[in-house]
Every structure is written in C-alpha cells, then in structure tokens.
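Student: Sequence first, then the predicted structure, then my questions.
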Amino acid sequence: MSVRHFLKVPDLSKAEFDHVLEQAAVWKRSPLSDILSGKTVALIFGKPSTRTRVSFSVGVYQLGGMPLYLSEQELQMRKSESIEDTARVLSRYVDAIVIRTFAKRDVEDLASASSVPVINALTDEDHPCQALADMFTFMERFPDPVGRKIAYLGDGNNVAASLAEAGAMAGVDICLCVPQGFDLPEEKSAGIARLASEHGTRFWVERDPEAAAQGASALYTDVWVSMGQQQDSGKLEAMQPYRVDSHLLALARPDAVVLHCLPAHRGEEITDEVIDGPQSAVFDEAENRLHVQKSLMAYLLAGR
Ligand code: CP
Ligand code: NVA
C-alpha cells in the first residue's frame, strides 16, 4: 500500500475525516498512549510557529514517540541538496515528516519522494491541520453542524481555503467575506465549490460583512497579512470593514462562536472585546490543535 500523506483537507475521505475528528475527542479525554513508541517524527519549520510546533511536539511525546525539531534554515534542503533527496534520507531515519514552509509545491515534492507520511503544517496555500481543529471546535459547540453557516471575514488565504474545505466535508455552509481583489486563487475556489457540491453544502463569496454575519453560527477571522507577505497599506485599508467586532458579532446568531487560528493582531482583524469575550472559542481552538493532530498521527502512522 502506498504511503498516506496529509497535504490538504480532502486528502482524507469523508469517512476518514469523520474518524479523525471523532477520535480527537477520545484523545482529548484520554491523552496518553504508547502507539508511537520507538517512532520519531521530524518537524521541519521554515516559518515561525508557536501552536503548531508545540502541539506537534507535545502530541508526539504524549503518544510515546520522539519529536525532532528541524529548522529549515539549518537543513541542507534546497541549499546543498534537492527537497527530494532530503525526503529520501529522512525517510530512512524517521517515521513521519511534518513540514511548514512557503510553497505548496515544495511540500508536494517532499511527499513525492518520501516513503513515510508527510503532514502539511502550513504553506502559503493551505493550513489543513488548523482546519481540522477549527471544525472539531465548531462541532464541540454545535454537535449538529450540518446546514449551519460559518462566515470567514478577512483575507482569502491559506486558513480560509482549508476552513472552506473542512466545512464542506463537515456539512457546514461557508461564506467567504473578503474584499474584492483578495479572493482565493480561482483554481482553489473552483476546487472548494466542487467539494461543497459533492457534499451538498453551500460555499459562496459575500462582499458585505453585515450580510455575511447574519445567521452565522461562527465568525472566523485571521491576520490580514500572512507570514512571508509584504505589508500593504492599500490592503489594510480595504480590510477595515471586515474587522470582527461586537457590532458584527451582534448580527450573527445569539449563540454564535468566534474563531481565530491565532496569532491575532488585536485591533486589526479582531477587537479585544470579541476575542476575550464570552462568545470566543479561540483558546479552545488553539488547544484542540493538539488533540486533532494526535488523532491524525494515530490514524496515519498507526492505523488507529
Ligand atoms: N495557528 C497556527 O498555526 O499558529 P502558529 O503559527 O503559532 O503555529
Ligand atoms: N494566514 C496566517 C496563518 C498563521 C497561522 C499565515 O499564513 O501567516
């Protein structure tokens, strides 16, 4: 059987997606195991990280394995040798590779030459582990997610794309509320629309933040300028109406939750009042990274 990678949310079938989220609840209740005993997981990071690095490190340890942090800057990869050769060599030492880098293509190249599972820990295009935690958090609050609406307000970025894919797989309608000019790439958008149609959900773009918030069970936002992007004053100006504040939250359902992948630029995409308020599920969402990633690793590495 060929090795399974997790580079984007739809790399899991619907049944696998449901399984990973269901088992995450079990890992949350009962965190320790020895299923990765004797196994090593390489964690390659080419961009900064707090949550992803720490939750994968702690998660591997809690499953009985050893996490091995590797700064991309200090590896030979892409400097003295190809990504594929790095993958071939690491595959001889470790049992899985988690990688955060810039281009999706690099992660695909790594995976193509790796004989152990590769997990995407964020690229410019996707953040699938985040999206699993997002949907798990949403379903903790709303165990009946089907037909509910999540409104994402902000930049059409990696987090938005993976959220939309995970939403489709969970039966949730996703409204992307992004200013003109900051949409997801066309190809990605078309792929999400196909996925939504396969799963019988709605996926649409709405320019008006008030219309997006109405009827939503969650308002989601992320930084306006992602890692590796240039600060752009025109973009920051265009984003102003998309800030998640108490006015927008009051338009959502009364029981709506607020989600943010973090790190947050308080006062930009989200106000203190909202992120620290009673409807915020943001810190549960951060915690849940640990539980869903353990579930994902247990599935990919140990068939659990
Ligand atoms: N949400 C997230 O991926 O956070 P880090 O960049 O801190 O890992
Ligand atoms: N969109 C953000 C997410 C950070 C977790 C970024 O790529 O920087």
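Tutor: Looks like it arrived, so ask away. What you see is a predicted model, and the numbers here were worked out from it, not measured in a lab. Ligands and ions are numbered 1, 2, ... in the order given.
Student: Which residue, other than its chain neighbours, is closest to L70?
Tutor: I44 (4.9 Å; CB to CB, 6 or more residues apart in numbering). For glycine as for every other residue, the C-beta is placed from the backbone atoms N, C-alpha and C.
Student: now swap in A302 and tell me
Tutor: Counting by CB to CB, 6+ apart, I35 is the residue found nearest to A302 once chain neighbours are left out, at 4.5 Å.
Student: what do you get for T123?
Tutor: Closest to T123 by CB to CB, 6+ apart is K104, at 4.6 Å.
Student: Please name the residues that touch that neighbour.
Tutor: 7, 123-126 (CB atoms under 8 Å, 6 or more residues apart in numbering).
Student: for ligand 2, what are the nearby residues on the stretch 101-250 of the chain?
Tutor: Residues of the stretch 101-250 of the chain lying close to ligand 2 by CB under 6 Å from any ligand atom are 157-159, 222-223, 226-227.
Student: Straight-line length of stretch 133-151, end to end?
Tutor: End-to-end distance of stretch 133-151 (CA to CA, to the nearest Å): 16 Å.
Student: who in the stretch 101-250 of the chain is up against ligand 1?
Tutor: Going by CB under 6 Å from any ligand atom, the residues of the stretch 101-250 of the chain near ligand 1 are 122, 130.
Student: ok, which stretches of the stretch 101-250 of the chain are strands?
Tutor: Ranges of strands in the stretch 101-250 of the chain, per DSSP state E, counting those that start in this stretch, are 118-120, 149-153, 173-177, 203-205, 218-221.
Student: what's the distance between the residue of the stretch 51-200 of the chain found nearest ligand 1 and ligand 2?
Tutor: Residue nearest to ligand 1 within the stretch 51-200 of the chain (CB to the nearest ligand atom): T52, separated by 3.2 Å. The gap separating T52 from ligand 2 is 7 Å, by CB to the nearest ligand atom, to the nearest Å.
Student: element containing that residue, please.
Tutor: Taking DSSP states H and E as the definition, T52 sits inside helix 51-62.
Student: Now that helix: buried residues?
Tutor: 51-53, 55-60, 62 (16 or more other CB atoms under 10 Å).
Student: who touches stretch 73-89?
Tutor: For stretch 73-89, the surrounding residues in contact (CB under 8 Å, 6+ apart) are 44, 46, 72, 97, 106, 109-115, 118.
Student: which of these are buried?
Tutor: 44, 46, 72, 97, 106, 109-111, 113-114, 118.
Student: For A25, grab the count of nearby residues.
Tutor: 16 (other CB atoms under 10 Å).
Student: secondary structure class for it?
Tutor: At A25 the chain is in helix, as set by DSSP: H, G, I helix; E, B strand; the rest coil.
Student: how close does it sit to L132?
Tutor: Going from A25 to L132 by CB to CB, to the nearest Å gives 12 Å.
Student: For stretch 233-250, measure first residue to last.
Tutor: Per CA to CA, stretch 233-250 runs 28 Å from first to last residue.
Student: For this structure, which segments count as helices?
Tutor: Listed in chain order, the helices of the chain (DSSP state H) span 14-29, 51-62, 83-93, 104-113, 128-141, 158-170, 186-199, 209-213, 233-239, 246-251, 272-275, 282-302.
Student: Let me know which of those is tucked in deepest.
Tutor: helix 158-170 (a mean of 27; mean count of other CB atoms under 10 Å).
Student: which other residues reach the helix-or-strand element of the chain with minimal mean pLDDT?
Tutor: Lowest on mean pLDDT, DSSP states H and E among the helices and strands of the chain sits helix 233-239, with a mean of 94. With CB under 8 Å, 6+ apart as the test, helix 233-239 has contacts from 154-155, 179-182, 224-225, 268-269.
Student: So Y69 is in contact with R53, correct?
Tutor: Yes: contact status for Y69 versus R53: in contact at 6.8 Å, counting by CB atoms under 8 Å.
Student: which neighbours do these two share?
Tutor: What both Y69 and R53 touch, as defined by CB under 8 Å, 6+ apart, is the set 43, 45.
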